[in-house]
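J.: The following block contains a protein sequence and its predicted model.
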Number of protein chains: 2
Amino acid sequence: MPSAPQTARAAARAELTRAILDRAGEQLAETGPAALSVRAVARDLGMASSAVYRYFPSRDVLLTALLVEAYDDLGAAVEAGDGAARPRDLRGRWRGIAHALRTWAHEHPHRYALAYGSPVPGYAAPGDTVQPATRVPFALLGLVRDAQVTGRTPVQGLRVPAAEKASVARVSAFTTPALTPAYTVRALMAWQTLFGAVSLELFGHMAEAVLDPAAHYAQVVDQLAADLGLS
Amino acid sequence: MPSAPQTARAAARAELTRAILDRAGEQLAETGPAALSVRAVARDLGMASSAVYRYFPSRDVLLTALLVEAYDDLGAAVEAGDGAARPRDLRGRWRGIAHALRTWAHEHPHRYALAYGSPVPGYAAPGDTVQPATRVPFALLGLVRDAQVTGRTPVQGLRVPAAEKASVARVSAFTTPALTPAYTVRALMAWQTLFGAVSLELFGHMAEAVLDPAAHYAQVVDQLAADLGLS
DNA sequence: CAAAAACAAGAGCACTGCTCTCGACTGTTG
DNA sequence: CAACAGTCGAGAGCAGTGCTCTTGTTTTTG
């Protein structure tokens, strides 16, 4: 167990680490990932830029820390959306998940872009980002699993060839009991559609097409619920 | 009509403009949009960086030119994929469109990211990018229109409320004859799913989940064809 | 042929990520 | 208690960026 002075020192370090993260997060929210500047963060905190490098060895590491926080924050929001409906109300839970995703994306567009937009050049997401990134898909898969165990089936399931079954086997095995191939494919498609709808809208590709994005998203969400057999 | 010297001068200018675009395109393919450097392009072309600014007034304008080229190139690829199948073979055309999209994205990941990834910080796509960006959705809508005129219907069409009909009316009216609300929503969903599937895979969000991305994409494409009533 | 416009080059400004060195301070240990 | 090792903050500095301004040259135009 560390002695008291050491703890005080560690606490001060944690405090400053937190302050750097907070200020970097604000800057991220204001101007986006690529414009995040270590020097600007240092300026705002009244310290030399070189001092920041004692806490984050590079800009990419700082960005990664923000990325992990974003994944966790979004994951928590989606899980809350899932939990807002009664467990048996599958469509309600689905709507909760889907609309939590879109709402969070609109509230934190730059963090969403950081997490799901094009990867920053030359930046490869390190391993510690994988786990927090799985929270959203996990919530979705848990819901589909519940639909499956209550005996529902997705509409017009296409025959899933053996090769594809094997390809998505890891996803199927994420839940207990495992998902059927048909449900696994439908769940992946639903996730792709949600992500596509949110991203296209957020990145401005739907502005010319859809007048009321929220209403359209609701329609898509409900149609996906029907396709998943949740209604 | 311009005189001969003027034409020669204009031709030289067009040539150099083209050379800058080509070199910038290579750099884009190598290191991605955010790493594109006007100075590096100038170096490679053996000219001063300030000279490049006579041809492109800012880095963003240069990036926009590359963006327009990317949209056009992808649009042409998708239209070729559409035209590869017999006009009456709706599912073949659908597969051609969908796989042309994914193939192009994998051949030009950075250009795809430039077009459909998170917008570069502080960069708003100007109006001249809108028209070329519409080629892909147009190809898709044309196909759905053909499906509609041959009397097919999407599976399990959800009731489309009047508000949503109005919201997507602009999309419906893109084709002649106009799309029904049910088909319009299904077409938008198909586009969102395709885009989501390609982006998630390309940006590395599926690596942990799907072993054979090409096979999975093919499965998704065929399921979407079924949902659209193309089979 | 002279005026005007277009052009390429260079210097320079303000900014970035990052490294290195320096002195000051803290906590541990002999 | 004193010496030592480790941490910390600050500053200078390097190499790079987008972009502007000036200077001199070339080309086109009236």
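T.: Yep, it's here.
J.: Report the buried residues of the biggest helix by length in chain A.
T.: The longest helix of chain A (DSSP state H) is helix A:4-31. Neighbour counts using 16 or more other C-beta atoms under 10 Å in any protein chain shown place A:16, A:20-21, A:23-25, A:27-28 of helix A:4-31 among the buried residues. In short, each C-beta sits where N, CA and C put it, glycine included.
J.: what packs against that helix?
T.: If you count contacts as 3 or more C-beta pairs under 8 Å, 6 or more residues apart in numbering or on different chains; DSSP states H and E, helix A:4-31 packs onto helix A:38-44, helix A:59-83, helix A:109-116.
J.: Now it: average pLDDT?
T.: Here helix A:4-31 scores 87 as its mean pLDDT.
J.: same check, this time on stretch A:64-81
T.: 97.
J.: Just the buried positions in it, please.
T.: By neighbour count on 16+ other C-beta under 10 Å, the buried set for stretch A:64-81 is A:64-71, A:73-75, A:77-79, A:81.
J.: just checking, residue A:78 touches residue A:133?
T.: No: Residue A:78 is beyond contact range of residue A:133, at 11.9 Å (criterion: C-beta atoms under 8 Å).
J.: If we ignore the residues flanking it in sequence, what's nearest residue A:132?
T.: Nearest residue to residue A:132 in three dimensions, chain neighbours excluded: residue A:71, at 3.8 Å (C-beta to C-beta, 6 or more residues apart in numbering or on different chains).
J.: quick one: the one you found and DNA strand C, what's the gap?
T.: 21 Å (C-beta to the nearest atom of the strand, to the nearest Å).
J.: give me every residue that touches that residue.
T.: A:115, A:129, A:132-133, A:135 (C-beta atoms under 8 Å, 6 or more residues apart in numbering or on different chains).
J.: for residue A:158, what are its contacts?
T.: A:182, A:185, B:219, B:222-223, B:226.
J.: Filter the residues you listed down to just the ones in helices.
T.: A:182, A:185, B:219, B:222-223, B:226.
J.: Can you flag the buried ones in those residues?
T.: Counted by 16+ other C-beta under 10 Å, these give A:182, A:185, B:219, B:222-223, B:226 as buried.
J.: how about these in TSV, adding distance to residue A:208 and pLDDT?
T.: Compiled in TSV, those are given as follows (distance: C-beta to C-beta, whole Å; pLDDT from 0 to 100):
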residue	distance to residue A:208	pLDDT
A:182	36	93
A:185	31	96
B:219	31	97
B:222	29	96
B:223	28	96
B:226	29	95
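J.: Farthest pair within the ones in helices among the contacts of residue A:158?
T.: Spatial extent of those (C-beta to C-beta) is set by the pair A:182 and B:222 at 12.9 Å.
J.: one step back: dump the contacts of residue A:71 into JSON lines; add pLDDT, distance to residue B:107 and neighbour count as well.
T.: Listed next are the contacts of residue A:71 as JSON lines, based on pLDDT from 0 to 100; distance: C-beta to C-beta, whole Å; neighbours: other C-beta atoms under 10 Å in any protein chain shown:
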{"residue": "A:115", "pLDDT": "94", "distance to residue B:107": "25", "neighbour count": "26"}
{"residue": "A:129", "pLDDT": "89", "distance to residue B:107": "27", "neighbour count": "17"}
{"residue": "A:132", "pLDDT": "92", "distance to residue B:107": "31", "neighbour count": "19"}
{"residue": "A:133", "pLDDT": "93", "distance to residue B:107": "26", "neighbour count": "22"}
{"residue": "A:135", "pLDDT": "95", "distance to residue B:107": "33", "neighbour count": "18"}
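J.: Can I get stretch A:12-28 as PDB, trimmed to CA atoms?
T.: What follows is stretch A:12-28, C-alpha atoms only, in PDB (Å, rounded to 0.1, in the frame of the first residue of the first chain):
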ATOM      1  CA  ALA A  12      -2.300  15.800  -7.800                       C
ATOM      2  CA  ARG A  13      -1.200  14.000 -10.900                       C
ATOM      3  CA  ALA A  14      -4.700  12.500 -11.400                       C
ATOM      4  CA  GLU A  15      -6.200  15.900 -10.900                       C
ATOM      5  CA  LEU A  16      -4.100  17.500 -13.600                       C
ATOM      6  CA  THR A  17      -4.600  14.600 -15.900                       C
ATOM      7  CA  ARG A  18      -8.300  15.100 -15.400                       C
ATOM      8  CA  ALA A  19      -8.000  18.800 -16.100                       C
ATOM      9  CA  ILE A  20      -6.100  18.200 -19.300                       C
ATOM     10  CA  LEU A  21      -8.700  15.700 -20.400                       C
ATOM     11  CA  ASP A  22     -11.500  18.100 -19.600                       C
ATOM     12  CA  ARG A  23     -10.000  21.000 -21.500                       C
ATOM     13  CA  ALA A  24      -9.100  18.700 -24.400                       C
ATOM     14  CA  GLY A  25     -12.700  17.500 -24.400                       C
ATOM     15  CA  GLU A  26     -14.000  21.000 -24.600                       C
ATOM     16  CA  GLN A  27     -11.700  21.800 -27.400                       C
ATOM     17  CA  LEU A  28     -12.800  18.600 -29.100                       C
END
